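Novice: any chance you could fold what I've pasted below:
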Amino acid sequence: MKHKDMREIKFRQWDDGAGVRRPGWYYWGYIDGNWRGPLPGNAYPSTGQYTGLLDRKTRKIYEGDILRCCGDSDIPPMAIEYDAPLWVLKARNDNYDALLGSFGSWGIEVIGNIHENPELLDEQEVQA
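Specialist: Below is the predicted model of the structure:
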């Protein structure tokens with residue numbers, strides 16, 4: 001039984017479709033109180049942990065997601081990374097980084113991820 005204050009331990013793993021599955025996301029971890037394991041033989045670098053946070057549209061934020069900071073066109077799109085012990089946002093050019101919690105969920109929006117949309121990190125101008 002899940003306690004109301006317990007953080008979900010979930011992961012998302014990109015499956016490139018090289019096996020029998022079609023390309024797409026595979027979710028694993030403690031899901032609905034049951035353990036579900038990772039894909040066998042799939043590269044773990046494609047795995048991202050759930051941060052426990054939601055964006056302004058209530059989408060779950062995972063490691064590897066590309067986020068836009070809403071309302072500030074000077075901040076480039078950034079990818080979420082785990083830099084122990086914190087979740088941080090990093091721009092591709094490393095000229096900008098921030099703690100994920102400093103924006104609050106109302107101030108960020110998931111616009112893609114590093115596996116399906118890496119070109120989003122190349123954007124120089126953000127549309128708010």
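Novice: ok, residue 48 touching residue 10?
Specialist: No: if you go by C-beta atoms under 8 Å, residue 48 and residue 10 don't touch, sitting 9.8 Å apart. Heads up, the C-betas are built off the backbone N, CA and C, glycines and all.
Novice: tell me which of these two has more neighbours.
Specialist: More crowded of residue 48 and residue 10, by other C-beta atoms under 10 Å: residue 48, with 24 against 18.
Novice: wait, doesn't residue 53 sit right on residue 61?
Specialist: Yes: the pair residue 53 and residue 61 passes the contact test of C-beta under 8 Å, sitting 4.9 Å apart.
Novice: same drill for the two, tell me which one is more crowded.
Specialist: More neighbours surround residue 61 than the other of residue 53 and residue 61, with 21 against 17 (other C-beta under 10 Å).
Novice: host element of the more buried one?
Specialist: Following DSSP states H and E, the helix or strand that holds residue 61 is strand 60-62.
Novice: that strand - contacts with which helices or strands?
Specialist: Applying 3 or more C-beta pairs under 8 Å, 6 or more residues apart in numbering; DSSP states H and E, we find strand 60-62 packed against strand 10-15, strand 47-54, strand 108-113.
Novice: and those strands as TSV, adding mean pLDDT and distance to residue 85?
Specialist: As requested, these are exported to TSV (pLDDT from 0 to 100; distance: least, C-beta to C-beta, whole Å):
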stretch	mean pLDDT	distance to residue 85
strand 10-15	86	18
strand 47-54	88	13
strand 108-113	92	20
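Novice: and these: which comes nearest residue 70?
Specialist: Nearest to residue 70 among these is strand 108-113; the distance by C-beta to C-beta comes to 5.6 Å.
Novice: the closest one pairs with which strands?
Specialist: Its sheet considered, strand 108-113 pairs with strand 65-69 (antiparallel) by DSSP bridges.
Novice: give me the mean pLDDT for the strand it pairs with.
Specialist: Confidence for strand 65-69, expressed as mean pLDDT, is 89.
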